[in-house]
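[1] Pasting the sequence and the predicted model now:
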Amino acid sequence: MSPFRALYRLQLGPGLGFAQARALVPYLRALGVSHLYLSPSLQARPGSTHGYDVIDPTRVSEDLGGEEELRALCREAPGVVLDIVPNHMAVDDANPFWADEELRARFFDLDPETGAHRRFFTIDDLAGVRVEDAEVFGATHRKVLELVGEGLVDGVRVDHPDGLARPREYLERLRAEGVEHVWVEKILASDEELRGWPVDGTTGYEFLNDVLGVFVEPAAEEPLTALYRELTGETRGFAEVAEEAKREQARTDLRPEVERLRRLLDEATLEDALASFHVYRTYVEPETGRVKAQDREEVARAGVSGRLARVLVLDDQGHDEFVTRFQQTTGAVMAKGVEDTAFYRYNRLLALNDVGGDPGCFGLSLAGFHERNARRRPASLLTTFTHDTKRSADVRARLAALTCVPAEWAALVRSVGLGDGIDPNDAYHVLQTVVGAWPLEPERLDAYVEKALREGKRTSGWVEPDVEVERRVQEYGLGLLASGEVERFVRLLRPLGRRIALGQLLLKLTSPGVPDLYQGDELEALALVDPDNRRPVDFARRAVLLDELRAGSGPTEETEKLYLTWKTLELRARRPEAFAGSYEPVDLGPEVCAFVRGGEVLVVVPVREVPLPEAGSGWRAVLETSGVGLFER
């Protein structure tokens, strides 16, 4: 097994199957990647663009090339990590476990009263699987365990563990079956610790928000907040907006889940209780009677009613199924209320509106960043861009750069205006989007506006879309794309955003953990929420540019991210003991993030626009480019 140096995520689907992925192996080896990180590869619905709608977990996807092609890819790749989906499968007659009524009752989480299935969030055609049942686990994991057991797959990423009835038990079963390396797609609150599960760590959303936070200028909070309130009339903080959105979701889109809970325990304040939690879920185990101190604390912090609180911490016995279902549902309320609603309503600074983030928290101190890095699990993933992020790392970086020029930004907003006949909050969202992702094709902006308005559920929505409202906002956005004033502002902002993008990239590649590179992100990637972030990548261009760099060409504006990635991963390959070693913050002033790894590698990243400080005697430069520095002894 190759040591985990860096993962490279590939979004398999039409146009990128196993054979095409195998053709990329020489380029990814040259880049310094240790593992290909594959999106779900078991049999999904024909034509699936993501693989999460599995119809047969016992077979490798024929659409992606079939099992022999996957095996060939695994043999040729330096290493492979596979994304797996234990929580749900597609509701489809082509799914043998769904089509057979007897199997359906055994394999899927059905309400015995109504026959309705537990959904994946609000998606009706994805049904929750009873993976806590040993027979169900065995049948749905046989192929994955076979690939791991043969040494073809080195580890797995577990999708949505918070949907499972018994997450700890599931992860322990994976470990007992020989899956040594596991990462969980667990979204942690800023003050929440990952439970003591047998996993290498999370998929890294907490790092995504931490690393961006150090580049957010705290002095800009007051003027940007005042500007947002002036323009939109929104005087509430994010927490209040999110609370409202969670309650809405509990009462509307997630009503079937709430009704099932109410049949188990008739509690008048159920919707409010589900929306009151500050974390995705608790992990009380009715089947074992296990209640951790963290669970009691979170139930108390949520402030639920006395009777319900007693039930949720098992002080009031006899409600085991309710407790399990309640915990599965709070995660859905959080995800749908915050990520898929409030993040599209509260638009003070869109750089902060990403998975696992708190838009009400305006940045992170250097001391806070160092403290979180020091306690991060050594093999946890470090990400800045995934298939689920609302924006790519480069877009977020450019939007974070608005905090460097708040007065100029306010002048632009007042000059171009927020349009006539459209909601000012929608317009402000679109203006930030255009500035962050410029240059942006009109059809991509139109698609984003449609999704953003429908997710926000204020002026349009998925159930009853207001296409006339959407059209007016789209026209406003298209006008911004044609604005010379907006283009001039982007030219001012772009170098500031690029500095932040390169800084957070170097921190990702050198902090404690395993860097996760998203496909194509080694060049500037200005992507919005899916499906925009799953567009085809020009790998041929990237391979040519990397060859030129390896042949001695100096980095250019186009290749500076590629150069930094290659040189840093090359250093990680040469000095693995340093990156497996200690993490020691270095004080180079209040505007510079610096630390030493294993006593042998020095990382220096200015978080404000200041010159790169001297490394001092005894350090040899590995790279000093675009305002960041990497040195070794």
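    Noted; the coordinates are in hand.
[2] Bridged to residue 117, which residues?
    The partner list for residue 117 in beta bridges (DSSP bridges) reads residue 110.
[3] doesn't residue 127 make contact with it?
    Yes. Here residue 117 reaches residue 127: they are 4.0 Å apart, a contact under CB atoms under 8 Å. Yep, even glycine has a C-beta here, placed from its N, CA and C like the rest.
[4] ok, these two, which is more surrounded?
    Set side by side, residue 117 and residue 127 show more neighbours around residue 127, with 25 against 21, by other CB atoms under 10 Å.
[5] tell me the secondary structure for the residue lying closest to residue 153 once chain neighbours are set aside?
    In this structure, residue 153 finds its nearest non-sequential neighbour in residue 147, 4.4 Å apart by CB to CB, 6 or more residues apart in numbering. Secondary structure state of residue 147, per DSSP: H, G, I helix; E, B strand; the rest coil, is helix.
[6] what do you get for residue 225?
    Per three-state DSSP, residue 225 ends up helix.
[7] quick one: contacts for it?
    Shown in contact with residue 225 (CB atoms under 8 Å, 6 or more residues apart in numbering): residue 348.
[8] roughly how far apart are it and residue 350?
    Residue 225 sits 14 Å away from residue 350, going by CB to CB, to the nearest Å.
[9] likewise residue 251?
    With CB to CB as the criterion, residue 251 and residue 350 are 27 Å apart.
[10] Tell me which of these two has more neighbours.
    Neighbour count, other CB under 10 Å: between residue 251 and residue 350, residue 350 has more, with 26 against 15.
[11] can you list contacts of the helix or strand where residue 212 lies?
    Here residue 212 sits within helix 205-213, counting by DSSP states H and E. Helix 205-213 has contacts (CB under 8 Å, 6+ apart) with 187-188, 190, 351-352, 354-358, 361, 363-364, 368-369, 372-373, 376, 380-386, 389, 393, 396-397, 400, 500, 504, 507-508, 511, 513.
[12] same thing but 7 Å
    Here helix 205-213 makes contact (CB atoms under 7 Å, 6 or more residues apart in numbering) with 187-188, 351, 354-357, 363-364, 369, 372, 382-384, 396, 400, 504, 507-508, 513.
[13] Rounded mean pLDDT for it, please.
    For helix 205-213, the mean per-residue pLDDT is 98.
[14] Stretch 579-587 too?
    97.
[15] what's the span of it, first residue to last?
    20 Å (CA to CA, to the nearest Å).
[16] Go through that stretch and flag the buried ones.
    By neighbour count, with 16 or more other CB atoms under 10 Å as the criterion, the buried positions of stretch 579-587 are 579, 581, 583, 585-586.
[17] coming back round to it: can you list residues touching both of residue 117 and residue 127?
    Contacts common to residue 117 and residue 127, judged by CB under 7 Å, 6+ apart, are residue 108.
[18] which parts of the host helix or strand of residue 565 are buried?
    Here residue 565 sits within helix 560-574, counting by DSSP H and E. Buried residues in helix 560-574, counting neighbours by 16+ other CB under 10 Å, are found at 560-572.
[19] Contacts for the following helix or strand past it next, please.
    Of the helices and strands lying after helix 560-574 in sequence (DSSP H and E), the nearest is helix 576-579. Here helix 576-579 makes contact (CB under 7 Å, 6+ apart) with 3, 572, 597-598, 600-601.
[20] Tell me the confidence at the residue nearest to residue 592 when sequence neighbours are not counted?
    Distance criterion CB to CB, 6+ apart; nearest residue to residue 592, sequence neighbours excluded, is residue 606 at 5.1 Å. Per-residue pLDDT puts residue 606 at 98.
[21] Check residue 250 too.
    pLDDT for residue 250: 98.
[22] correct me, but it touches residue 273?
    No. Contact between residue 250 and residue 273 fails when scored by CB atoms under 7 Å: they sit 8.8 Å apart.
[23] Paired strands for the helix-or-strand element of the chain with minimal mean pLDDT, with orientation please.
    The weakest-scoring helix or strand in the chain, judged by mean pLDDT, DSSP states H and E, is strand 620-625 (a mean of 93). When pairing is defined by DSSP bridges, strand 620-625 lines up against strand 628-632 (antiparallel).
[24] Other residues contacting the partner strand?
    Under CB under 7 Å, 6+ apart, the answer for strand 628-632 is 502-503, 506, 568, 571, 575, 600-605, 612, 615, 619-623.
[25] Send me it as PDB with only the CA atoms.
    Extracted in PDB, the C-alpha atoms of strand 628-632 (Å, rounded to 0.1, in the frame of the first residue of the first chain):
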ATOM      1  CA  VAL A 628       4.400  32.200  -0.400                       C
ATOM      2  CA  GLY A 629       7.500  30.300   0.700                       C
ATOM      3  CA  LEU A 630       8.400  26.700   1.400                       C
ATOM      4  CA  PHE A 631      11.800  25.800   2.900                       C
ATOM      5  CA  GLU A 632      13.700  22.800   4.100                       C
END
